[in-house]
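J.: Predicted coordinates and the sequence they were generated for:
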Amino acid sequence: MTKKTATNQENSKKQQLAAHTEDGRGQYLTTNQGVRINDNQNSLKAGARGPSLLEDFILREKLTHFDHERIPERVVHARGSAAHGVFQVYQSMANYTKAGFLQDASKQTPVFVRFSTVVGFRGSTDLARDVRGFAVKFYTEEGIFDLVGNNIPVFFIQDAMKFPDLVHSIKPEPHNEIPQATAAHDTFWDFVSLMPEATHMVMWAMSDRAIPRSYRMMEGFGVHTFRFINEAGKSTFVKFHWKPMLGMHAVAWDEAQKISGADPDFHRRDLWEAIEKGMYPEWELGVQLVAEEDEHAFPFDLLDPTKIIPEEMVPVTPIGKLTLNRNPDNFFAETEQVAFHPGHIVPGLDFTNDPLLQGRLFSYTDTQLIRLGSPNFHEIPINRSVAPVHNNQRDGHMRQTINKGIASYEPNTVGGGCPFQAKIAEGGFSSYPERVEAHKVRERSASFSDHFSQATLFYRSQSKAEQRHIIGAYSFELGKVNRVEIRQRMLGILAQVDKDLAQAVGENLGLEVPETPEQPINRGVPANADQTTYEPQSS
Ligand code: HEM
């Protein structure tokens, strides 16, 4: 790792934040109304030993503000750390996307990146065995694009309908709030043993990927398949990858335990100190591109978030670099109040019908309305777009913008307000006109039904030492499960991934691997599940 001199780019986001940044050093102490305070030690009393007076507006204001200092933590990903930086594309991606920030190799786009664990509370240890969030906010000149990803390329469930169930199972058990930050308990294993679609991601979560050495040494993934859209309106499927320039590194489980005891802020400290020392962490953004015509050329469904596209089938092409070069000035104002949303996209990008992604598009604004308390949370400095914002949305709690003019509707002839009628049709975001013709059903596509092949692929891609870690992790975690029928059901699942793995875990638990797995383990295998190559249908 090389020590870098600070890039002297005065980017637009930095300037925007500066307007809202306060430095009280050397200043007079004042109330929130700007009135100077002459005594910050004593409340106002009737006599030095007498009762305090209700009149003491300085004491009242100070206590009231303090009483309201806390906001709800995120319902998931509560524990996190963030940094500012820049993203720069290597060369124009115009063939695939018209997104402005992916056109010009000389342009730097400001970013804010938050890493997190998923399950633990805000104060939990960084070294828990858990998935890590990897959320990137690009402040582009065309508006905000959030790539809200994880350090594992697949997800536990296929449909947003199951997300509350998943999270309820994985959070501390409701009667005693144990355990705080690991998966080692009955409800989690109960759920995933009944949900074979979780098998692939659980395998990753039991691997070394779930105990990274540092945020700087983790991969990141967009997980879902998205779309790039070019100027001509052509769509290309895209999967996003972040590859750390420092390489990928993990700690061993015993090391994680010791570090958690000695320094629960280990990852937070590591990120902070690296940036303070000018050892700026870097990642390459990579893409896997699949032509629209090849949507059905794979032995799995591109819309299924429990599947990767193996890199042997579609290589990852590096297209740009992310550099984190500045620590936040204030944890609460920036890291805590930042609001990421997979639905924040810019022209040149679009969604697919992945039913997990579709549910996420609802969930983030909904949760942020309660977490941040107002429909105006986009006006919080860290969430402000650097692209100008003009619309007819008005008022609401904590409104900051002072909108001029009498028109807050469109069309209008009285002037003022916005947008001007004539501007509406000029450019802007338009959704990819995907043809959809179907019956309205509550169903899962049969193309989503192979839950084990890629779990096997992942397990067998691991080195012997890594496989031992996976066996150790399953044995440790399942060893904490009280109900023997849950352990047994998990062995049935593992047997469908790899017989030796199931056998080894079974031996450690002192349990027989079941001959036939219990219901409802429902292995539906598409006809082409053995396909390992990809024959492009596109020319
Ligand atoms: C945070 C919901 C799946 C990555 C959150 C939050 C919610 C949520 C409610 C808290 C947001 C906040 O308070 O600001 C969901 C739902 C999902 C889902 C309903 C599925 C239906 C995923 C997936 C990924 C992911 C598949 C990864 C690709 C993240 C990350 C954060 C987050 C990184 C933390 C963002 C931050 O640092 O502030 N999610 N999530 N989530 N989610 Fe999801």
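T.: Right, received. Where do you want to start?
J.: what does the chain put close to the ligand?
T.: The interface of the chain toward the ligand, taken as CB under 6 Å from any ligand atom, is made up of 74-77, 80, 114, 116, 133, 135, 148-150, 155, 160, 163, 223, 338-340, 356, 359-360, 363-364, 367-368, 371. C-beta: built from backbone N, CA, C; applies to glycine.
J.: Narrow these to those that are buried.
T.: Among those, those buried by neighbour count (16 or more other CB atoms under 10 Å) are 74, 76-77, 80, 114, 116, 133, 135, 148-150, 155, 160, 163, 223, 338-340, 356, 359-360, 363-364, 367-368, 371.
J.: hmm, back to that, so which of the residues of the chain next to the ligand sit within helices?
T.: Residues of these located in helices (DSSP state H): Phe163, Leu356, Gly359, Arg360, Ser363, Tyr364, Thr367, Gln368, Arg371.
J.: For these, name the two members farthest from one another.
T.: Greatest spacing in those, by CB to CB: Leu356 and Arg371 (21.0 Å).
J.: hey, where'd the helices end up in the stretch 201-350 of the chain?
T.: Secondary structure of the stretch 201-350 of the chain by DSSP state H, counting those that start in this stretch: the helices cover 253-262, 266-276.
J.: tilt between the last one and helix 253-262?
T.: In other words, helix 266-276. Relative orientation of helix 266-276 versus helix 253-262 (axes from the mean of the first three to the mean of the last three CA atoms, to 10 degrees): 80 degrees.
J.: C-alpha coordinates for helix 266-276, PDB please?
T.: The C-alpha trace of helix 266-276 is given here as PDB (Å, rounded to 0.1, in the frame of the first residue of the first chain):
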ATOM      1  CA  PHE A 266     -11.400  -2.700  15.100                       C
ATOM      2  CA  HIS A 267     -12.800  -2.100  11.600                       C
ATOM      3  CA  ARG A 268     -13.900   1.400  12.400                       C
ATOM      4  CA  ARG A 269     -10.500   2.300  13.800                       C
ATOM      5  CA  ASP A 270      -8.700   0.700  10.900                       C
ATOM      6  CA  LEU A 271     -10.700   2.600   8.300                       C
ATOM      7  CA  TRP A 272     -10.400   5.900  10.100                       C
ATOM      8  CA  GLU A 273      -6.600   5.600  10.800                       C
ATOM      9  CA  ALA A 274      -5.800   4.500   7.200                       C
ATOM     10  CA  ILE A 275      -7.500   7.600   5.800                       C
ATOM     11  CA  GLU A 276      -6.000   9.900   8.500                       C
END
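J.: hmm, who's touching it?
T.: 81, 83, 115, 125-127, 212, 214-216, 259-260, 263, 280-281, 324-327 (CB atoms under 8 Å, 6 or more residues apart in numbering).
J.: Now do the buried residues in it.
T.: Residues of helix 266-276 classed as buried by neighbour count (16+ other CB under 10 Å): Phe266, His267, Arg268, Asp270, Leu271, Ala274, Ile275.
J.: Then stretch 151-169?
T.: Neighbour-count burial for stretch 151-169 [16+ other CB under 10 Å]: 151-160, 162-163, 166, 169.
J.: Compile the residues you listed into JSON lines and extend it with columns for distance to Ala105 and pLDDT.
T.: JSON lines is the format used below for the buried residues of stretch 151-169 (distance: CB to CB, whole Å; pLDDT from 0 to 100):
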{"residue": "Asn151", "distance to Ala105": "27", "pLDDT": "98"}
{"residue": "Ile152", "distance to Ala105": "30", "pLDDT": "98"}
{"residue": "Pro153", "distance to Ala105": "27", "pLDDT": "98"}
{"residue": "Val154", "distance to Ala105": "32", "pLDDT": "98"}
{"residue": "Phe155", "distance to Ala105": "33", "pLDDT": "98"}
{"residue": "Phe156", "distance to Ala105": "38", "pLDDT": "98"}
{"residue": "Ile157", "distance to Ala105": "38", "pLDDT": "98"}
{"residue": "Gln158", "distance to Ala105": "38", "pLDDT": "97"}
{"residue": "Asp159", "distance to Ala105": "39", "pLDDT": "97"}
{"residue": "Ala160", "distance to Ala105": "37", "pLDDT": "98"}
{"residue": "Lys162", "distance to Ala105": "42", "pLDDT": "97"}
{"residue": "Phe163", "distance to Ala105": "38", "pLDDT": "98"}
{"residue": "Leu166", "distance to Ala105": "41", "pLDDT": "97"}
{"residue": "Ser169", "distance to Ala105": "46", "pLDDT": "96"}
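J.: from the residues you listed, which is closest to Ser235?
T.: Closest to Ser235 out of those is Pro153 (21.6 Å), distances taken as CB to CB.
J.: now that closest one, nearest residue through space, not along the chain?
T.: Among residues not flanking Pro153 along the chain, Phe221 sits closest, at 3.9 Å (CB to CB, 6 or more residues apart in numbering).
J.: shouldn't the one you found be in contact with Gly149?
T.: Yes. Applying CB atoms under 8 Å as the test, Phe221 and Gly149 come out as touching, 5.1 Å apart.
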